[in-house]
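J.: from the sequence below, what's the structure:
(one chain, ligands or ions: 1)
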Amino acid sequence: VKYLENAARNRFAKGVRSLPGPQGLPFIGSVLELPQKNSWMKFHEWGEQYGPIYQVNLAGVNHVWITRDNIARDLLTKRGAIYSNRPHIPALERDNRTSGQYLPLMSKNETWTRQRRFAKQIMDTSEKQSFYGYPELESLRLMVELMVDPFRYNVAMESYISRVTSRLAWGTSAPSDELKQRARELLIGVSPSGALGNKFPFIMSLPERLIPAKAWESRRARTERKFFQTMQQQVKSDMSDSDTPKPSWMRAFLENKLKWGFASDLEGAFAVGMHGIAGALTIAAPMQSFCLAMCHYPQYQDLLYEEIDEVLGDRMPTFADMPDMPVLRAFIRETLRWRPPVPTGIPHESSEDDVYEGYHIPAGSVIHPLEWSISRDPDVFPEPDEWNPLRWLDQEFPTFQEPLTKFPTITQYSQFGYGRRTCQGMGVTEADLFVGLGSVAWLFSMQANDSPEPVNKPATSDAEAEAESWLQEQVKYANQRAEDEALSEAEADAQIWLQEQMKTTNERADFEETAPRALQERRAQASEPLGDSQPPRCLSSEDAERGFFEHNAKRIKRESWDSKRRSTSQDFSTLQHAIAAKLANQNDLADQSSRPSSLTGTPPPPQLTARISEYDRVEQAVTKIPLPFSWHHANDSGICLPETPLSTPGESESVSALTPPTSPSSTRSVRWSCPPPAEATPETTPDSAPKTCTTTNSSLQHPPSARSTKLRGTRPSTAPIHGKVAMENDPTMDFSTLLIAKPMPFSFQLRIRDESRAEKVQKRWLELKLQGKFEEAKVYWGKTTAGDAEVGWGKTFS
Ligand code: HEM
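T.: You can find the predicted model right below:
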């Protein structure tokens, strides 16, 4: 019906043309042309083929894709009056446009207006109070977790975000695990590639007992409501029981209930809970992309360390340091540009027919600002596929903006949307990333794991066996203590920690059976030159890097701390051991009892390998579930695909009047910023940086003096890409498949930059831990997915 309606609308629009775009098949349109993974790459490719605004019929719905910032502003900002609705999400139990549950998904109506006003107020007020100091507090715990268990860096970073957000929402970090689960379940519910109801909307009108996916959604919705109400009730109790209740968004709601004009307390519970979910969902993705960037573009790391050491010295960063740290802000801004967390943007829906530059845009079109393309406009971002923080620091680049005390900033950035629907969380995102990533770079350096040996050793190695027996002993000891006497909070924490180590050691055995081969295969793939690559050529960014350092000669004349400080880098095993020992000592002091000497014995060896988090497992499981119809796959675009996707779109003669489209063949070429590995000569650097690229092409070589010690000539080991990406050749393009693109965990090395900083962190963490400042995550209804419980964690799919 929608297809016929759209066709009729297009006929009635006289004197204007339809937007260009792929023709597709009748009714289903171009759904069969979409890939299963990273669908935004296909939309990007179509943008290069059809122009900066084009339309695609996807299963009868007209989707308009915008690939340039100025067009998105023209439509979504300047004509916001008719471009600010949201499309319907069929898999949700209640209509997202009117239910009042999820502010980002509501259409423009009264409920949206009052909730948006509320959102603005709580964000402004909490920003004035430095977001209550929560990022600083939780970054301490993040540092400890990274020291203790570096291979779970992704879990630690997700927990950091979730804990900060839980504290902001309800003043406590206890619900952080539950919040993560609520966020991942909602993400499945709203992602086109997630819940089955988004692929087959008709199932949502059938009885629950026949449709497990509908029952799953009912439980998700019930659990979410119960969780938000429980948290609201808890804050109410804290406010009446405590003289100094913690500041939070919920407290702000409860203290001024009448002011907000909400229909009920339940609306307030959702208005706050939704912000919790929005935060928990999104910010962890750029934190993990930052690790990718640091490892694949290591030549910029020292620039950041120099700033950190100069501004912060021996203390961790705070929100107040923001004006003094443009380099850190540039790293963050560039990471968001390079790997947009929401690459397809969040769609708007048009409420009226419109004409733009002679093109007809029918009412009811779903409008996507395609962030992946917008942040790759080569006129604004030369060499757009390169991660290059200098574009924000060097005036040679078009994106440079002064004053550097304010710019670069991620606020007012297109990644956060347009017009009346702009994201409300820009400020808090910047604070979380600034403090969190600043702390990470203050304490650690990162290196790609270039070891030719498999990073995982067999679980039966001597060291592993020793570690296992050490951990077993500790767990036994902790269990014994638990029986003998009531455990103090710190002791309980130590026990949990030790048990986790034990679990990890066991999990490691499974993981290691399959991981080494897969890793080797991936590395081999990554180092193969691409078939259609062009000869290596000198990139302007390299000149720009040199220029930048020449301009900043005074600053960079300072001796690099690099070799000196890195020599103090400490193995994690020692650190892990040190934490355990300190915890033991602290507790010994507290209870005057002695610990077994084995606690200060040989610590477990670290395995610096990323581990798949629960979140990733869930996401992977979603996309692996076989659907009832054999010709359908799950994919990340919301469209059902055949087993073998048809990859050749029909050529269209439509040409946009806006910017002439580039020829598809030119956009498919792959260029290298340094020669492909086959032509590169490895060159050893003093601190055994992975590899440096040199080449026979003299234009790529710069005299070392001009480069300064800050740029040690290490070039990315990835193949920079333009237009169509050969994803299998780019290890930085491995994302989760739901609406938020989160890089999959990868293997790399974290090294402590300065031992005294590590000790400071441990000491402070212990102090605060003993003061009860770091609550453990609370279990609300068990993590079981079994049975037909009224509330609980949903299975990935039932
Ligand atoms: C990396 C972090 C984040 C990114 C990339 C992001 C991105 C976005 C985008 C693209 C939109 C839609 C804008 C549009 O429709 O034009 C949005 C909306 C929204 N975001 Fe964020 N967001 C992030 C973090 C947050 C956080 C931390 C919060 C709150 C704690 C938040 C709260 C919201 C809200 C409430 C809306 C809805 C605004 C409306 O529809 O009126 N976001 N965000």
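
J.: near the ligand, which residues of the chain show up?
T.: Where the chain comes near the ligand, counting by CB under 6 Å from any ligand atom, the residues are 103-104, 116, 119, 275, 278-279, 282-283, 286, 341-342, 345-346, 348, 415-418, 421-425, 428-429. In this view, the C-beta of every residue, glycine as well, is placed from N, C-alpha and C.

J.: what is the burial count for the residue of the stretch 51-200 of the chain found nearest the ligand?
T.: Proximity of the stretch 51-200 of the chain to the ligand (CB to the nearest ligand atom) peaks at P104, 3.5 Å away. Here the number of neighbours of P104 (other CB atoms under 10 Å) works out to 20.

J.: ok, it to L739 distance?
T.: In this view, P104 and L739 are 11 Å apart by CB to CB, to the nearest Å.

J.: now V435
T.: 26 Å.

J.: higher neighbour count, the two?
T.: Ranked by neighbour count (other CB under 10 Å), V435 and L739 place V435 first, with 29 against 22.

J.: wait, that one sits on L137?
T.: No - V435 is beyond contact range of L137, at 9.6 Å (criterion: CB atoms under 8 Å).

J.: excluding residues flanking it in the chain, which one is nearest S159?
T.: S176 (6.3 Å; CB to CB, 6 or more residues apart in numbering).

J.: which residues in the chain form strands?
T.: 17-18, 53-58, 61-66, 348-349, 354-356, 359-361, 366-369, 444-448, 748-752 (DSSP state E).

J.: just put those in JSON lines and tack on distance to A213, mean pLDDT and mean neighbour count.
T.: Output for the strands of the chain, formatted as JSON lines (distance: least, CB to CB, whole Å; pLDDT from 0 to 100; neighbours: other CB atoms under 10 Å):
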{"stretch": "strand 17-18", "distance to A213": "35", "mean pLDDT": "94", "mean neighbour count": "16"}
{"stretch": "strand 53-58", "distance to A213": "21", "mean pLDDT": "96", "mean neighbour count": "25"}
{"stretch": "strand 61-66", "distance to A213": "21", "mean pLDDT": "96", "mean neighbour count": "24"}
{"stretch": "strand 348-349", "distance to A213": "24", "mean pLDDT": "98", "mean neighbour count": "24"}
{"stretch": "strand 354-356", "distance to A213": "36", "mean pLDDT": "96", "mean neighbour count": "16"}
{"stretch": "strand 359-361", "distance to A213": "33", "mean pLDDT": "95", "mean neighbour count": "22"}
{"stretch": "strand 366-369", "distance to A213": "22", "mean pLDDT": "98", "mean neighbour count": "24"}
{"stretch": "strand 444-448", "distance to A213": "40", "mean pLDDT": "93", "mean neighbour count": "22"}
{"stretch": "strand 748-752", "distance to A213": "37", "mean pLDDT": "93", "mean neighbour count": "22"}
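
J.: output the ones you listed as TSV; include the columns distance to E93.
T.: Shown next, in TSV, are the strands of the chain (distance: least, CB to CB, whole Å):
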stretch	distance to E93
strand 17-18	36
strand 53-58	24
strand 61-66	21
strand 348-349	20
strand 354-356	32
strand 359-361	31
strand 366-369	21
strand 444-448	42
strand 748-752	41
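
J.: for R339, see how far away the closest residue to the ligand within the stretch 601-750 of the chain is.
T.: In the stretch 601-750 of the chain, the residue that lies nearest the ligand is I740 (8.0 Å; CB to the nearest ligand atom). Separation of I740 from R339 (CB to CB): 11 Å.

J.: more neighbours, these two?
T.: R339 (24 against 20).

J.: what about the chain, any weak spots by pLDDT?
T.: 1-14, 450-728, 782-788, 795-798 (pLDDT under 70).

J.: domain assignment for it?
T.: Domain ranges of the chain: 2-449+614-666, 450-528+572-605, per automatic domain parsing.

J.: surely L105 and V190 touch.
T.: Yes - proximity of L105 to V190 meets the contact threshold set by CB under 8 Å, at 6.8 Å.

J.: find residues that contact each of the two.
T.: Residues touching both L105 and V190 by CB atoms under 8 Å, 6 or more residues apart in numbering: I89, N96.

J.: how near is the closest residue to F735 other than its chain neighbours to M157?
T.: Distances taken as CB to CB, 6+ apart put A741 closest to F735, at 4.2 Å, once the chain neighbours are dropped. Relative to M157, A741 is positioned 15 Å away (criterion: CB to CB).

J.: who has more neighbours out of those two?
T.: A count of neighbours by other CB under 10 Å puts M157 above the other of A741 and M157, at 25 against 22.

J.: check contacts around the more buried one.
T.: With CB under 8 Å, 6+ apart, M157 has these contacts: L142, A284, M287, Q288, G436.
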